[in-house]
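K.L.:
Sharing a model that was predicted from the sequence below.
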Amino acid sequence: MRIAILSDFHFGVSSRLELEEDSFEQAEEAMEKALDSDLILLIGDIFDSRFPKTSIWAKAIKILVKPLLKESNVKFLESSKELRKISKRTLKHLPVIAIHGTHERRAKDEINVIQALENAGILIHLHCQTIVFEKDGKRVAIHGMSGVPERFAKDVLYSWNPKPMPNCFNILLLHQSIEPYVYSPLEPPTLNLSNLPKGFDLIVDGHIHGHSIEKIDDSILVIPGSTIVTQLEKNEAETEKGFVKVELNEKPKIDFIPLERNRKFFYEEIKLEKKLSLREQIEKKLKEIIYVKNLPKPPLIKLKIVGKETEVSDQELRYIERKYSGKALIGFVKELESPEITQKIEFLRNLREQKLSTEEIGLGLLKKNLEELKFNSIFDYDNTFKLLSDGEIEKVFNILLVEQSTLTQVLKKPLIEK
């Protein structure tokens with residue numbers, strides 16, 4: 001039995017006009033390469049938005065219905081969820097089993113886009129449910145928990161408490177951050193490698209955009225990664241985009257299948273040197289990427305410029321973008337030294353070294369900023385900070401206006417009264 005595992009298409013994601021079709025073209029390549037499988041598993045974040053536009057729906061469905069044109073080579077045995085008539089018709093074709101991800105979560109009483117696709121007969125959606133298939137005497141049990149807020153993930157998984165089914169190859173599907181594989185620092189994970197359920201042959205996790213395959217105790221952890229770059233961070237330039245194929249014989253054979261027609265992403269750092277101008281250094285790096293590598297599309301290039309503020313001109317950067325238009329999509333990020341930035345970093349470092357509380361640090365920042373704005377030394381910083389903490393922004397604004405007016409009058413007075 002052959003199983004294709006695809007994740008994180010992010011249909012509709014686009015940071016600029018030229019990239020609008022990439023999520024669809026790259027997902028389509030992955031889907032076409034997966035059609036020789038007996039089962040297709042989609043591991044969440046198929047759409048980038050909870051409320052996709054009609055145009056995005058149209059392009060996505062054109063890709064997602066491809067398995068419906070293939071006959072099924074597997075037999076459906078059982079499921080812990082009650083399958084509707086339309087779901088049973090889906091099983092006559094190449095079965096697609098899906099969980100929803102973080103981008104597709106909706107309010108409790110509303111259906112999400114993956115459930116809508118199930119209602120249309122395109123796939124079967126799992127959330128804390130199991131479905132079992134068989135081919136040539138080989139049974140596969142697929143257990144799926146769709147994406148939930150990270151703070152609830154451990155509790156939901158423990159409450160569901162999935163157990164491997166006997167005489168089956170057991171696959172657990174998740175779409176969560178798992179320590180140490182953390183996708184976003186904004187939502188700390190409650191799941192880690194040690195508290196994942198035991199006894200599953202494969203544990204598959206979406207959400208993480210880089211791919212990985214490794215042994216974890218008695219299981220194999222498979223992270224297929226995304227088919228599209230979304231964050232434009234360095235780690236996304238260090239891993240290929242693609243999906244995973246699993247072939248079940250006596251031992252499972254697991255392969256990562258890279259995409260061939262996708263837009264490549266490069267993240268490069270340029271440390272400014274005195275012997276070369278900014279333009280010379282940037283163009284040297286761009287030529288190494290554009291003219292040396294054999295690329296199917298104009299690459300997406302993010303250049304991090306490190307140096308002194310006086311050495312970098314925004315006008316020159318815009319000139320370079322225009323010059324290479326059509327050959328590459330270029331973005332710049334600057335990490336520049338300046339007296340003002342250096343001073344602020346030193347101030348924050350001092351606050352940290354004093355081991356102050358968050359509130360004390362906030363008060364210190366407020367006081368420093370107001371002093372830089374020339375506010376009166378008798379100004380009540382503590383009361384102002386408390387008002388801000390309580391959300392009384394309008395009151396603070398009025399206080400600042402009065403203080404500024406008083407300060408203006410003081411500055412207009414002569415130093416010696418006549």
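P.N.:
Great, that's in hand. Residues are numbered from 1 along each chain as shown.
K.L.:
Please list all residues in contact with Asp38.
P.N.:
By C-beta atoms under 8 Å, 6 or more residues apart in numbering, Asp38 lies in contact with Met1, Arg2, Ile3, Ser72, Asn73, Val74, Leu94, Phe133, Lys135. C-beta coordinates here come from the backbone N, C-alpha and C atoms, glycine included.
K.L.:
Quick one, which of the residues you listed are buried?
P.N.:
Using 16 or more other C-beta atoms under 10 Å as the burial test, those include Met1, Arg2, Ile3, Ser72, Val74, Leu94, Phe133, Lys135 as buried.
K.L.:
For Ser219, name its beta-bridge partners.
P.N.:
Bridge pairing for Ser219 (DSSP bridges) gives the partners Ile216.
K.L.:
That one: how many residues sit nearby?
P.N.:
The tally of other residues near Ser219 (other C-beta atoms under 10 Å) stands at 21.
K.L.:
For it, list the residues it contacts.
P.N.:
For Ser219, the contact set (C-beta under 8 Å, 6+ apart) comprises Leu196, Lys198, Gly199, Phe200, Asp201, Leu202, Ile203.
K.L.:
Distance of the fourth one relative to Ser313?
P.N.:
Using C-beta to C-beta, to the nearest Å, we find Phe200 at a distance of 56 Å from Ser313.
K.L.:
higher neighbour count, these two?
P.N.:
Just comparing Phe200 and Ser313: by other C-beta under 10 Å the higher neighbour count belongs to Phe200, 23 against 11.
K.L.:
so where do the strands sit in the stretch 201-350 of the chain?
P.N.:
202-205, 212-216, 219-223, 242-248, 252-258, 265-271, 300-308, 329-337 (DSSP state E, counting those that start in this stretch).
K.L.:
can you list the ones you listed in CSV and add distance to Val292 and mean pLDDT?
P.N.:
As requested, these are exported to CSV (distance: least, C-beta to C-beta, whole Å; pLDDT from 0 to 100):
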stretch, distance to Val292, mean pLDDT
strand 202-205, 35, 98
strand 212-216, 29, 94
strand 219-223, 30, 96
strand 242-248, 23, 97
strand 252-258, 20, 96
strand 265-271, 12, 91
strand 300-308, 13, 87
strand 329-337, 16, 81
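K.L.:
could you dump the ones you listed to TSV with distance to Lys59?
P.N.:
Shown next, in TSV, are those (distance: least, C-beta to C-beta, whole Å):
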stretch	distance to Lys59
strand 202-205	26
strand 212-216	29
strand 219-223	26
strand 242-248	19
strand 252-258	22
strand 265-271	21
strand 300-308	20
strand 329-337	21
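K.L.:
out of these, nearest to Glu233?
P.N.:
In terms of C-beta to C-beta, the element of the strands of the stretch 201-350 of the chain nearest to Glu233 is strand 265-271, at 7.2 Å.
K.L.:
Just the C-alphas of the closest one, formatted as CSV.
P.N.:
C-alpha atoms of strand 265-271 as CSV (Å, rounded to 0.1, in the frame of the first residue of the first chain):
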residue,chain,number,x,y,z
PHE,A,265,13.6,31.1,-2.0
PHE,A,266,17.0,32.4,-1.0
TYR,A,267,17.9,34.2,2.2
GLU,A,268,21.3,35.8,2.2
GLU,A,269,23.2,38.1,4.5
ILE,A,270,25.5,40.9,3.2
LYS,A,271,28.0,42.5,5.5
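K.L.:
tilt between it and strand 300-308?
P.N.:
10 degrees (axes from the mean of the first three to the mean of the last three C-alpha atoms, to 10 degrees).
K.L.:
picking that back up, of the buried ones among the contacts of Asp38, which belong to strands?
P.N.:
Arg2, Ile3, Phe133, Lys135 (DSSP state E).
K.L.:
show me the residues around the first one that make contact.
P.N.:
Translated: Arg2. Asp36, Ser37, Asp38, Leu39, Lys245, Val246, Glu247, Leu248 are the contacts of Arg2 under C-beta under 8 Å, 6+ apart.
K.L.:
beta partners for it?
P.N.:
Going by DSSP bridges, Arg2 forms beta bridges with Glu247.
K.L.:
quick one: it from Ile290, how far?
P.N.:
Counting by C-beta to C-beta, the gap from Arg2 to Ile290 is 38 Å.
K.L.:
how about stretch 62-77: buried residues?
P.N.:
Using 16+ other C-beta under 10 Å as the test for burial, stretch 62-77 gives Ile63, Leu64, Val65, Lys66, Pro67, Ser72, Val74, Phe76.
K.L.:
no wait, stretch 315-322
P.N.:
Buried-residue list, stretch 315-322, by 16+ other C-beta under 10 Å: Leu317, Ile320.
K.L.:
With stretch 260-272 instead?
P.N.:
Those would be Asn262, Arg263, Lys264, Phe265, Phe266, Tyr267, Glu268, Ile270, Leu272, for stretch 260-272 by 16+ other C-beta under 10 Å.
K.L.:
what's the offset of that stretch from the middle of its chain?
P.N.:
Relative to its chain's centre, stretch 260-272 lies at 18 Å (C-alpha atoms, centre = their mean, to the nearest Å).
K.L.:
swap in stretch 280-294?
P.N.:
Distance, centroid of stretch 280-294 to centroid of chain: 28 Å (C-alpha atoms, centre = their mean).
K.L.:
And for stretch 206-223?
P.N.:
For stretch 206-223, the distance to the chain centre is 17 Å (C-alpha atoms, centre = their mean).
K.L.:
What of stretch 146-162?
P.N.:
Here stretch 146-162 is found 20 Å from its chain centre; the criterion is C-alpha atoms, centre = their mean.
K.L.:
List the buried residues for that stretch?
P.N.:
So for stretch 146-162, counting by 16+ other C-beta under 10 Å, buried means Ser146, Gly147, Val148, Glu150, Ala153, Lys154, Val156, Leu157, Pro162.
K.L.:
ok, which pair from these is furthest apart?
P.N.:
Maximum pairwise distance among the buried residues of stretch 146-162 (C-beta to C-beta): 18.8 Å, between Glu150 and Pro162.
K.L.:
host element of Ile142?
P.N.:
strand 138-144 (DSSP states H and E).
K.L.:
So what's the gap between that strand and the chain middle?
P.N.:
That offset, for strand 138-144, works out to 28 Å (C-alpha atoms, centre = their mean).
K.L.:
Which strands and helices lie in contact with that strand?
P.N.:
In terms of contacts (3 or more C-beta pairs under 8 Å, 6 or more residues apart in numbering; DSSP states H and E), strand 138-144 is packed against strand 39-43, strand 96-99, strand 129-135, strand 169-174.
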